[in-house]
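Asker: show me the folded form of this:
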Amino acid sequence: MKINEMKDLLEASIPGKRFKHSVAVYETALKMAEHFNCDMEKVGIASLLHDCGREVATKESVAWAQAHDLPVDEIEANQPILLHSKIGMVIAKEKYGVSDLEILDAIRYHTTGTSGMTDIAKIVFLADIIEPNRDYPGVDDLRKASFKNLDKAMLMAYSNTTTYLFESELLVHPNCIKGYNELVLQAKKK
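Answerer: Just a heads-up that it's a prediction; the model follows:
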């Protein structure tokens, strides 16, 4: 399926506001991919489809995941919004014909991050939280960092995210901690 066909299908599958966000993430991610000399096609597909799992309502996501043999951990069961990334991975495969594992992993980990992320996955993760419609304290600094050094930007993003989650008394997924710890250890070794 070509990217324009994916765009049309996505627009028909998710609410208008979510589609507008997906296009903004796509455009931001492509700029980052060009800047960091990453595979534009993979970044384009992963960033456009990163929220395709939102076609499943959050209240239905646990049952949907279980019906599709996706493991649901305790954090996801209690904070089911996180499941849209796993669901999106399945929908990207089944509905959009995506088979590339690097693209599917970028979709899968765009909400929590994790250890071992590729540059493509980091770009999708960061583009999702810095796209032009995002407005929160520190977003401008994160936007600048995201075009300088992906790992440092990821550390900033993990820090911002965990601070928000702690202050809101929300659960922190272990993948977020794994990703953060990996980058801190790498930085210490340099």
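
Asker: what residue is smack in the middle of this protein?
Answerer: Nearest to the mean C-alpha position of the chain, counting by C-alpha atoms, centre = their mean, stands His110 at 1.8 Å.

Asker: could you pull out the helices for this structure?
Answerer: For the chain, the helices defined by DSSP state H cover 3-13, 16-35, 40-49, 58-67, 74-78, 83-94, 101-108, 119-130, 139-146, 150-167, 174-189.

Asker: tell me which of those helices sits most buried.
Answerer: helix 119-130 (a mean of 25; mean count of other C-beta atoms under 10 Å). C-beta here means a position set from N, CA and C on the backbone, and glycine is covered the same way.

Asker: quick one, that one and helix 174-189 angle?
Answerer: Per axes from the mean of the first three to the mean of the last three C-alpha atoms, to 10 degrees, the angle that helix 119-130 makes with helix 174-189 is 110 degrees.

Asker: helix 119-130 to helix 150-167, inter-axis angle?
Answerer: Counting by the same axes, to 10 degrees, helix 119-130 lies at 50 degrees to helix 150-167.

Asker: list the contacts of helix 119-130.
Answerer: Residues from elsewhere that reach helix 119-130 (C-beta atoms under 8 Å, 6 or more residues apart in numbering): 25-26, 28-29, 32-33, 36, 38-39, 42-43, 46-47, 50, 102-103, 105-107, 109-110, 113, 117, 139, 142-143, 146, 150-151, 153-154, 157, 160-161.

Asker: and the closest residue to Phe147 other than its chain neighbours, how far from Asn181?
Answerer: Nearest non-adjacent residue to Phe147, counting by C-beta to C-beta, 6 or more residues apart in numbering: His35, 5.6 Å away. Applying C-beta to C-beta, to the nearest Å, the value for His35 to Asn181 is 27 Å.
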